[in-house]
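[1] Based on what follows, work out the 3D shape:
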Amino acid sequence: MSATAAKLLTAEEFSRRPELLDGSREELVRGKVVTMPAPGFRHGQVTVQIASILKSYVTGKRIGHVLAETGVRTERQPDTVRGPDVSFWSYKRVPKSAKIVGYPEVAADLCIEIRSPSNTLRKLQRKTTEYLQAGVRMVWIVDPKEESVTVYRLPDQGVKRSGDQVIDGEDVLPGFSCPASRFFED
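    This is a model prediction of the structure:
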């Protein structure tokens, strides 16, 4: 007697799922839906603060899109769609006029994951590797408890910044710089 395998979802099918009423979040990992607890209050504060700082910068420079909790495809067949807390797509990757339903076919330029109590550093590092292998150019792992930001361009080679140490947008966000402490202001 053989067990029937659960049907794996595609990114397109996953994008059509209804939002969960309890505030929890979902990601698609190799075709399977993974549910995570709703982020807490501090997580939300830091998310909005970072998104606001980046949105203000990007709007002034007219260089791309800043989004919160938008899916990023990292694998195909079976599909994986991750949901970084904040992401940036340059107009080179996603033109200003694009009206995308679902998820872009291209990777984001920058993905930002904000560590919540349910996230381990090991899980976030695996996610970072996944983003980078999918073509994301830079990943920031933000830890509200430590008030630090670790910047990754290569897997397992993060540079941690905190306090007055500057987060530099490098060639991903040209000209952007900000003290890490600004990300944690209320």
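[2] what sits up against the lengthiest helix in the chain?
    In terms of residue count, the longest helix belonging to the chain (DSSP state H) is helix 41-61. Helix 41-61 is contacted from outside by 39, 64-66, 68, 85-86, 88, 112, 114, 116, 142, 144, 169, 173-176, 178, 182-186, using Cβ atoms under 8 Å, 6 or more residues apart in numbering. All C-beta atoms are positioned from the backbone trio N, CA, C, and that covers glycine.
[3] now, which of those lie within helices?
    Short answer: the contacts of helix 41-61 have none in helices (DSSP H).
[4] sorry, back to before: can I get the CA coordinates of the longest helix of the chain in CSV?
    What follows is helix 41-61, C-alpha atoms only, in CSV (Å, rounded to 0.1, in the frame of the first residue of the first chain):
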residue,chain,number,x,y,z
PHE,A,41,5.2,44.5,17.7
ARG,A,42,9.0,45.3,17.7
HIS,A,43,9.4,43.4,14.5
GLY,A,44,6.8,45.6,12.9
GLN,A,45,8.3,48.8,14.2
VAL,A,46,11.7,47.9,12.7
THR,A,47,10.2,46.8,9.4
VAL,A,48,8.4,50.1,9.0
GLN,A,49,11.4,52.1,10.0
ILE,A,50,13.7,50.4,7.5
ALA,A,51,11.1,50.4,4.7
SER,A,52,10.5,54.2,5.3
ILE,A,53,14.2,55.0,5.3
LEU,A,54,14.8,53.0,2.0
LYS,A,55,11.6,54.3,0.4
SER,A,56,12.6,57.9,1.0
TYR,A,57,16.0,57.3,-0.4
VAL,A,58,14.8,55.3,-3.4
THR,A,59,12.0,57.8,-4.3
GLY,A,60,14.4,60.7,-4.2
LYS,A,61,16.9,58.9,-6.5
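[5] could you give the mean pLDDT of it?
    The pLDDT scores in helix 41-61 average 96.
[6] Distance from the chain centre to it, please.
    Relative to the centre of its chain, helix 41-61 is centred 13 Å away, using Cα atoms, centre = their mean, to the nearest Å.
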